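Q: The sequence isn't on hand, but the structure is:
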């Protein structure tokens, strides 16, 4: 988040017409010197002694209030500002500073009245406008706040605080280009401001200009090398750029500066997982587990899904994050109940309406909705995208609206104005999420689907779409939402393209002519030391077998081969694949023999891709939602025999299939024959089931009934 600057007002007491009757100027100089030496108590004592002798001296009370304000004694400061104003009702700066204290105390409306009085007395007071904007901002009157910042800057063009806070406000309003211009103007005034360079970096980060963001963060760190927050943001951009080792180093600096920095342990562990750096893995998991049980912010919800198979901890992490970052908000008026309409209006809200796994799965769904009963709206906030998937999606909805430049409140208000009945969050706690849109209540019914595989722990998320496999009865208590159990959980696009467009030779893929090929194309962070250890045991038991993996950088390959060596496996038995175009990526699965899934975070889109490509997927089913997705997919293609319950069963079945080729051939033939008719790949069938669910939850709402579990 951008750093915020709030003015403390140090003004010459002679602005007040009251004339001092003693050497007040000398007193002020002595008090200022004490404050400068960090001795606010002495300064307060000096003013108190003066006031005892001169109880009707308004400037003395005003100056003492400023000292108290500066050290956070706001209630005491407020008493003194009130005292100065009682003695001199025209004391404009006292009204202004009184407003600043009321802002800090969260008394926003009272603060506005105080600032209004200051401006009434002195319409040329740029600080009163600048600080009134802070109160307006807190009241979500963002447009009014922006007007006040502009008024302050019209009075004083080089007012650094107003420029910075204006930039912060524009960031919150999603007006990123304007925010960047505001920070750039501030840097012309003070190029050595670390806050400005940092805030500029956060805008560039939001705009996905990560190289430039890193440059801004680096400049901020040159000026303020002890900023843990700057190192954290720098690490995030480096992570996005794929410069993983540098990202880890940046997170290490955060750890050195502030070991208790929020979510740091999980953030750093997530980065290290992407290069198979498993050093201190067990220690990190112990700290994360203990921290969550103690109610500390040690790990964000999404990384946790790939680290521990515990729905209890997943819920704890979500609860903590919601309270910290996206608590329910009453900033918008309460929603009035809408009359019944001929069509149920659904808004799908996502950062990922582009070439992204979520959109690759859901594109066919949006096209398959029954337009005689449903109106389908997209609210996209991921910024501009120029790819075939985005083009297809823009034609798949009745209305496709880019809300990237709108604030959370503006987006939620727009959904209300559009008459949305059901708002579907396709992002959850992944990526560049904007969960606050839902915290503001964008629609009378809100539900989570497919982006985040777990409970969001948020009281404003009414439903979670699942099936009986991903959320069985015994795990139901760990989910805050009401659960809608569909016949099959994951939608798939039946138009995803043929997997037989090309036939790869083993040589083209860097594979030797012989040997059983196990493969896993899951994201690196999903591969834990325990999963890898099972894979190494499988390779030992299946002579001449190979493991085909995706490792996108040299650090990941180096660390993985080091782990291979420690397990006593020859490095030549690990083959690294590269990114391919989508059709070739699907075709490559046909050159593999068996897909090995990961736990605690299963393959989702990747497992569906493998099955579509004719490659059987072997999974070990865990307890958490993310650890049961592959089992759901396998049951939806009628291959339940590939679902195991323990690592031992998983290992034994992998070895058995690799050494009994006729059984594996039978599975492949079954997959090939049934793929076209399998529920997993029947987009139209999934759409009808989902529409049944939408209709039921809509009818409950219309009947004034609360959300309830629904089993289709």
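A: Good, I have the coordinates. All values derive from a computational prediction rather than experimental measurement. Numbering: from 1, shown residues only.

Q: Quick one: low-confidence residue ranges for the stretch 351-500 of the chain.
A: 497-500 (pLDDT under 70).

Q: most centrally placed residue in the chain?
A: residue 433 (4.3 Å; Cα atoms, centre = their mean).

Q: ok but that one is inside a strand, no?
A: No. The assignment for residue 433, made by DSSP: H, G, I helix; E, B strand; the rest coil, is coil rather than a strand.

Q: Could you check how far it is from residue 439?
A: 11 Å (Cβ to Cβ, to the nearest Å). All C-beta atoms are positioned from the backbone trio N, CA, C, and that covers glycine.

Q: quick one on the thing from earlier: ok, the closest residue to the residue nearest to the centre of the chain other than its chain neighbours - contacts?
A: Once flanking residues are discounted, residue 433 sits nearest to residue 427: 4.6 Å by Cβ to Cβ, 6 or more residues apart in numbering. Counting by Cβ atoms under 8 Å, 6 or more residues apart in numbering, residue 427 touches 349, 350, 351, 352, 358, 433, 434, 435, 451, 452.

Q: Nearest to residue 482 among those?
A: residue 452 (16.4 Å; Cβ to Cβ).

Q: Count the residues that sit near the residue lying closest to that closest one once chain neighbours are set aside.
A: Spatial nearest neighbour of residue 452, excluding adjacent residues (Cβ to Cβ, 6+ apart): residue 428 at 2.2 Å. By other Cβ atoms under 10 Å, the residues close to residue 428 number 26.

Q: What of residue 24?
A: As a burial measure, residue 24 scores 20 neighbours (other Cβ under 10 Å).

Q: do residue 576 as well
A: Using other Cβ under 10 Å, the number of residues around residue 576 comes to 15.

Q: same check, this time on the one 5 residues further on
A: Summarising burial for residue 581: neighbours were counted as other Cβ under 10 Å, giving 10.

Q: Residue 638 too?
A: Neighbours of residue 638 (other Cβ under 10 Å): 15.

Q: does it sit in a helix, a strand or a coil?
A: coil.

Q: my guess is it meets residue 678, correct?
A: Yes. Proximity of residue 638 to residue 678 meets the contact threshold set by Cβ atoms under 8 Å, at 6.6 Å.

Q: nearest residue to residue 67 other than its sequence neighbours?
A: Residue 67 sits nearest to residue 43 (Cβ to Cβ, 6+ apart), 4.8 Å away.

Q: so how far is the helix or strand hosting that neighbour from its chain's centroid?
A: In this structure, residue 43 sits in helix 40-53 according to DSSP states H and E. Helix 40-53 sits 49 Å away from the centroid of its parent chain (Cα atoms, centre = their mean, to the nearest Å).

Q: how far off helix 40-53 does the helix or strand following it point, in degrees?
A: Sequence-wise, the next helix or strand downstream of helix 40-53 (DSSP H and E) is helix 58-70. Interaxial angle of helix 58-70 relative to helix 40-53 (axes from the mean of the first three to the mean of the last three Cα atoms, to 10 degrees): 160 degrees.

Q: Give me the buried positions along helix 58-70.
A: 58, 59, 60, 61, 62, 63, 64, 65, 66, 67, 68, 69 (16 or more other Cβ atoms under 10 Å).

Q: Do me a favour and average the pLDDT over that helix.
A: Averaged across helix 58-70, pLDDT comes to 88.

Q: Report the contact partners of residue 172.
A: Counted by Cβ under 8 Å, 6+ apart, residue 172 has contacts 137, 142, 407.

Q: Same check on residue 222?
A: Counting by Cβ under 8 Å, 6+ apart, residue 222 has no contacts.

Q: avg pLDDT for stretch 174-192?
A: 95.

Q: about what we covered before: just the contacts of residue 172: which are in helices?
A: Among these, the members falling in helices (DSSP state H) are 137, 142.

Q: and which of the contacts of residue 172 is nearest residue 162?
A: When those are ranked by distance to residue 162 (Cβ to Cβ), residue 137 comes first, at 12.3 Å.

Q: With the flanking residues excluded, which residue is spatially nearest to that closest one?
A: Closest to residue 137 by Cβ to Cβ, 6+ apart is residue 145, at 4.2 Å.

Q: and that neighbour, helix, strand or coil?
A: Judged by three-state DSSP, the three-state class of residue 145 is helix.

Q: list the contacts for it?
A: By Cβ under 8 Å, 6+ apart, the neighbours of residue 145 are 133, 134, 136, 137, 169.

Q: ok, how many other residues are close to the last one?
A: Here the count is done by other Cβ under 10 Å, and residue 169 has 26 residues near it.

Q: mind checking which helix or strand it is in?
A: Under the assignment here (DSSP H and E), residue 169 is part of helix 160-172.

Q: tally of neighbours for residue 473?
A: 7.

Q: Can you give me the buried ones in stretch 689-706?
A: Residues of stretch 689-706 classed as buried: 689, 690, 691, 693, 694, 697, 698, 700, 701, 702 (neighbour count, 16+ other Cβ under 10 Å).

Q: quick one: contacts of that stretch?
A: Identification of contacts with stretch 689-706 by Cβ under 8 Å, 6+ apart yields 337, 340, 344, 346, 365, 369-370, 373-374, 421-422, 444-445, 447, 462-463, 465, 484, 486-488, 491, 707-708, 710, 712.

Q: and residue 453, what are its phi and psi?
A: With angles defined as degrees, to the nearest 10, residue 453 sits at phi -100, psi 70.

Q: Surely it and residue 625 touch.
A: Yes. Between residue 453 and residue 625 a contact is recorded at 4.6 Å, counting by Cβ under 8 Å.

Q: residues shared between the contacts of the two?
A: Residues touching both residue 453 and residue 625 (Cβ under 8 Å, 6+ apart) are 305, 470.

Q: After the longest helix seen in the chain, which helix or strand is next?
A: In the chain, assigned by DSSP H, the helix with the most residues is helix 683-702. Remark: after helix 683-702, the chain's next helix or strand is strand 710-711, criterion DSSP H and E.

Q: In terms of secondary structure, what does that next one contact?
A: On a contact count with 3 or more Cβ pairs under 8 Å, 6 or more residues apart in numbering; DSSP states H and E, strand 710-711 meets strand 482-486, helix 683-702.

Q: so which of the ones you listed comes closest to residue 115?
A: Per Cβ to Cβ, nearest to residue 115 of the helices and strands packed on strand 710-711: helix 683-702, 42.2 Å.

Q: Now do the closest one against strand 482-486, angle only.
A: 150 degrees.

Q: now helix 683-702: how far from the chain's centre is it?
A: For helix 683-702, the distance to the chain centre is 28 Å (Cα atoms, centre = their mean).
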